[in-house]
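K.L.:
Sequence and predicted structure, then a few things I'm wondering about:
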Amino acid sequence: MSNSGAGQEPSRSPRAARQVGRPARPTGWKRLAYRAPIHLYRLGLGGLFGKRLLLLEHLGRTSGKTRRVVLEVVSYDQQARTWTLASGFGVGAQWYRNLQAQPRATIQVGRRRCAVIAHFLPAEEGGRIMARYATKHPKAAGKLTSYMGFEVDGTAEGFRQAGEGVPFVRLVEQ
């Protein structure tokens, strides 16, 4: 398969990943299951998730009301005090759109809360992040990219290409 299509560089390697569709947003009982961790954080049980998940509290872009969502942390840099997140539902995810409108937010990791500001990462950096994540967590990366609607051949290049199609956000502690 050739990469010389419109808008693509002809010097790139053949596609090792291709997007086959984004997952549908959960509804009904699935939505309740996805939101269950929020209630665990409210009960003071956020520590059960360690540093793998965080609770993001942000403002709704039109309502101005506080919104909450629990998200998986793709990477954490303790020295820089940053958390990197991937938007599995793409740029249409409500939390992603809300942060674009108002990048200041609060997170809770375990029992610790802190103010953060969101920085939206370029596609190339997203590709590098996904390739590193796949090296450290190959099974999880395969499941994650599949869930996000990508077919990946399992190579670092495949995960890099998939990562370029996923919006990444870096939260920096204030």
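P.N.:
Thanks, I have it.
K.L.:
Identify the bridge partners of the residue nearest to the spatial centre of the chain.
P.N.:
Nearest to the mean C-alpha position of the chain, by CA atoms, centre = their mean, lies residue 86 at 1.2 Å. Beta-bridge partners recorded for residue 86 (DSSP bridges): residue 168.
K.L.:
so what's it up against?
P.N.:
Going by CB atoms under 8 Å, 6 or more residues apart in numbering, residue 86 touches 72, 74, 126, 129, 130, 144, 148, 166, 167, 168, 169. The C-beta positions use only the backbone N, C-alpha and C, and glycine is treated the same way.
K.L.:
can you give me the strands for this protein?
P.N.:
Assigned by DSSP state E, the strands in the chain fall at 17-19, 53-59, 66-77, 82-86, 104-109, 112-120, 150-152, 168-173.
K.L.:
These: which one's closest to residue 27?
P.N.:
Closest of the strands of the chain to residue 27 is strand 66-77, at 15.6 Å (criterion: CB to CB).
K.L.:
buried residues in that closest one?
P.N.:
67, 68, 69, 70, 71, 73, 74 (16 or more other CB atoms under 10 Å).
K.L.:
Please apply the same query to stretch 149-165.
P.N.:
Under the neighbour-count criterion of 16+ other CB under 10 Å, stretch 149-165 has 149, 150, 152, 157, 158, 159, 160, 161, 162, 163, 164, 165 buried.
K.L.:
Next: stretch 107-117.
P.N.:
For stretch 107-117, by 16+ other CB under 10 Å, it's 107, 108, 109, 110, 116.
K.L.:
The nearest residue to the first one once chain neighbours are set aside - how many residues pack around it?
P.N.:
This means residue 107. Nearest non-adjacent residue to residue 107, counting by CB to CB, 6 or more residues apart in numbering: residue 54, 4.9 Å away. As a burial measure, residue 54 scores 24 neighbours (other CB atoms under 10 Å).
K.L.:
Perfect, that will be all.
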